[in-house]
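Participant: show me how the following folds:
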Amino acid sequence: MMTMMNDDTLQTYFTLPYETCVETKLQSFQYKILNRFFPCNYNLSLCFKDVSKICEYCQTITDTIVHYFFSCKKVFDFWFSFSRWWKNVYESRFVLTERDIILGIQNPNNDSCIDALNYCILIGKYYIYSVKKSGKEIFLFDFLQYVKNKIEIIYTMHCLQDKLDIFENKWSTLYNSL
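Facilitator: Purely as a prediction, here's the structure:
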C-alpha cells in the first residue's frame with residue numbers, strides 16, 4: 001500500500017509525465033490516474049449504481065486503480081514479464097513496485113535509462129487500458145510492438161529536428177532492442 005508523501009515528492013510525480021514524454025494523450029492519461037479520475041470500476045460504481053465494482057478482466061476483486069494497473073493477476077504477470085525483458089535489455093536488476101507503476105520512478109540524476117523506463121511504464125499503463133477496454137488479452141510481444149512504433153515516431157521527430165545525438169543518448173538501447 002502506498003504511503004503519504006511530502007509536497008516535493010508529490011510535485012516530482014506530477015511533473016514526471018511532462019518530463020518523460022511529449023504526448024498530450026499520455027500526459028492527460030497519467031493526470032487522471034494521479035488525481036484518481038481514472039474510470040476503473042470502483043470509481044464508476046460510486047457514481048453509477050448499475051456498474052459493478054468488480055474487475056471485469058479477472059472477475060475476482062474490486063477494481064481500484066492499483067488493481068487495474070498493477071495487482072490484477074494478468075496485469076501483474078505482464079509487469080513481471082516486462083521486468084525480465086527490461087533486465088535483459090539494460091542489464092539492470094530491479095523490481096517494479098506498485099508505486100513505480102502507478103506514480104512512476106523518481107529520477108533526480110536525469111538518468112536516460114530511468115527516463116526510458118518511465119516512458120515505457122506510462123505506455124504500458126495506456127496499453128493495459130486499451131487492451132482491457134477492447135476485451136482482448138495482454139501480451140508482452142504486442143506491447144513491445146506498440147513501444148517500437150512509439151520509439152520510431154520519436155526517432156523521426158529527432159531526425160526532423162536534427163537532434164539524433166539526443167536520441168542516441170536516451171533511446172538507442174531501447175530502440176535497438178525492439
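
Participant: residue 89 is in what secondary structure piece?
Facilitator: With elements taken from DSSP states H and E, the one containing residue 89 is helix 73-90.

Participant: could you do residue 43 as well?
Facilitator: Going by DSSP H and E, residue 43 is in helix 41-47.

Participant: give the next helix or strand downstream of that helix.
Facilitator: Elements were assigned by DSSP H and E; along the chain past helix 41-47, the next helix or strand is helix 65-66.

Participant: that following helix packs against which elements?
Facilitator: Where contact means 3 or more Cβ pairs under 8 Å, 6 or more residues apart in numbering; DSSP states H and E, helix 65-66 is packed against helix 98-103. (Glycine included, C-beta is placed from N, CA and C.)

Participant: buried sites along the following helix or strand past the helix it packs on?
Facilitator: Next along the chain after helix 98-103, taking DSSP H and E as the criterion, comes helix 112-134. Neighbour counts using 16 or more other Cβ atoms under 10 Å place 112, 114-129, 131-132 of helix 112-134 among the buried residues.

Participant: in stretch 12-27, which residues are buried?
Facilitator: So, applying 16+ other Cβ under 10 Å, buried residues of stretch 12-27: 12, 13, 16, 17, 20, 21, 23, 26.

Participant: and stretch 83-92, by the same measure?
Facilitator: Using 16+ other Cβ under 10 Å as the burial criterion, the residues of stretch 83-92 that qualify are 83, 85, 86.

Participant: same thing with stretch 26-38?
Facilitator: For stretch 26-38, the neighbour count (16+ other Cβ under 10 Å) marks 26, 29, 30, 33, 34, 38 as buried.

Participant: can you lay out the residues you listed as a markdown table showing distance to residue 171, pLDDT and secondary structure?
Facilitator: Formatted as a markdown table, those follow (distance: Cβ to Cβ, whole Å; pLDDT from 0 to 100; DSSP: H, G, I helix; E, B strand; the rest coil):
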| residue | distance to residue 171 | pLDDT | secondary structure |
| --- | --- | --- | --- |
| 26 | 16 | 97 | helix |
| 29 | 21 | 97 | helix |
| 30 | 20 | 96 | helix |
| 33 | 24 | 96 | helix |
| 34 | 25 | 95 | helix |
| 38 | 28 | 95 | coil |
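
Participant: okay then, goodbye and thanks.
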